[in-house]
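Visitor: dropping the sequence and predicted coords here.
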Amino acid sequence: MVASILLAVSSNAAMAVLQTDQKTQLKNHADDEQILRSQAKDYAIAFSAGDAKALADMRTEDGTFTNIEGLCA
């Protein structure tokens, strides 16, 4: 009986943690998506304007580029 009660309490606590983690992950994904969309918009604006400096500023000095075939440059 005690084991059943402990199992039920543990299960409920675990479910509460999972639900909280899922909500946090969804919020984090929404934040990430907003950042990525903003960066894509900035890139498109700089590219359309032919602003090479703005495009270069979006890269890091030690960054790499991997093409669709998996080759790094």
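Guide: Here it is on my side, so go on.

Visitor: in what helix or strand does the residue nearest to the spatial centre of the chain lie?
Guide: Central residue of the chain (CA atoms, centre = their mean): Asp32, 4.4 Å from the mean position. Per DSSP states H and E, Asp32 falls inside helix 2-49.

Visitor: which other helices and strands contact the next helix or strand after that helix?
Guide: Sequence-wise, the next helix or strand downstream of helix 2-49 (DSSP H and E) is helix 52-57. The helices and strands touching helix 52-57, judged by 3 or more CB pairs under 8 Å, 6 or more residues apart in numbering; DSSP states H and E, are helix 2-49. Any C-beta I mention is one placed from the backbone N, CA and C, and that applies to glycine too.

Visitor: if you average pLDDT over the helix it packs on, what comes out?
Guide: Mean per-residue pLDDT for helix 2-49: 77.

Visitor: adjust the sequence numbering to begin at 449 for everything that follows.
Guide: From this message on, residue numbering opens at 449, which makes the last subject helix 450-497.

Visitor: and the residue nearest to the centre of the chain, what is it in contact with?
Guide: Not one residue lies near Asp480 by CB atoms under 8 Å, 6 or more residues apart in numbering.

Visitor: do you know how far it is from Lys471?
Guide: As judged by CB to CB, to the nearest Å, Asp480 and Lys471 stand 15 Å apart.

Visitor: my guess is Met506 contacts Asp490, does it?
Guide: Yes - contact criterion CB atoms under 8 Å: Met506 and Asp490 qualify, at 7.3 Å.
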